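# Just need the structure, nothing else, for what follows:
(one chain, ligands or ions: 1)
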Amino acid sequence: MHDIVIISGSPSVDSRSQKVLGYIGDRLNEKGLSIGHISVRDIPGEDLMFGNFNSPEVTGTSEKIRNAKGIIVGSPVYKAAYSGVLKSLFDILPKDIMKDKPVLPVMSGGSISHLLALEYALKPLISTLKGTTLKGVYYLDSQIDKTSAFPIQDEELIQRTEVQVEELLGKMGVEGVFP
Ligand SMILES: Cc1cc2nc3c(=O)[nH]c(=O)nc-3n(C[C@H](O)[C@H](O)[C@H](O)COP(=O)(O)O)c2cc1C
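This next block holds a predicted model:
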């Protein structure tokens, strides 16, 4: 059982959004929280394609989410919404899997014009699974350095990320982790 489960919705091997999620996870780990990671890449394609609700990977994923106190969901913007493969995973999870859990949504995109994908796409999806969404953070590709252990390049964006993570922790009943 983990304090927080981080779900990555990018199908890319060398993923920007996953790099950001990894960074957030590492920071939380350093502060003594237990972090579990789930990636759409770890779920067999057949399960996603044919809706295999009962495969071991899918039930194991559900179990991990159900046992966490908080969740972080990350996705790249694909065609003005979340990735299709993230939707495929969420489609085969139990409908109330995020019930009563705070969820921090994060997205990365090539363009600022799709910033609202957080509002009209990812947040409603999380709400459908009964998660309580926080404001969330949107990262532009130009603000992420995939090659660095500190992938968020913008100081103000680091601050905003920390505020959102702090809010997630507050909703989980954990206070004052970040200075
Ligand atoms: C198939 C595809 C569709 C995309 N569609 C959009 C889009 O509609 N709007 C946008 O801002 N960026 C779009 N992008 C850019 C990605 O959102 C951006 O590069 C993102 O950071 C990739 O994240 P990842 O490396 O974690 O997969 C698209 C990229 C791909 C590969």
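
# so where is the protein shaky, pLDDT-wise?
Within the chain, the segments meeting pLDDT under 70 span 179.

# So what does the residue sitting furthest away from the middle of it look like in phi/psi?
The C-alpha centroid of the chain is most remote from residue 50, which lies 23.4 Å away (C-alpha atoms, centre = their mean). Dihedral pair for residue 50: phi -110, psi 10, per degrees, to the nearest 10.

# Tell me how far it lies from the ligand.
Remark: distance between residue 50 and the ligand (C-beta to the nearest ligand atom, to the nearest Å) = 22 Å. Using the backbone N, CA and C atoms, a C-beta is placed for each residue, glycine as well.

# Same check on residue 151?
Shown here: residue 151 relative to the ligand, a distance of 11 Å by C-beta to the nearest ligand atom.

# coming back round to it: could I get the contacting residues of the residue farthest from the centre of the chain?
Residues near residue 50 by C-beta atoms under 8 Å, 6 or more residues apart in numbering: none.

# Okay, and the beta partners of the residue nearest to residue 77 when sequence neighbours are not counted?
Among residues not flanking residue 77 along the chain, residue 109 sits closest, at 3.5 Å (C-beta to C-beta, 6 or more residues apart in numbering). For residue 109, the beta-bridge partners are residue 140 (DSSP bridges).

# what number of residues lie near residue 109?
Using other C-beta atoms under 10 Å, residue 109 has 21 neighbouring residues.

# The one 3 residues further on now?
When neighbours are defined as other C-beta under 10 Å, residue 112 has 10 of them.

# Quick check: closest non-adjacent residue to it.
residue 140 (6.2 Å).

# just checking, the one you found touches residue 110?
Yes - under the criterion of C-beta atoms under 8 Å, residue 140 makes contact with residue 110 at 7.4 Å.
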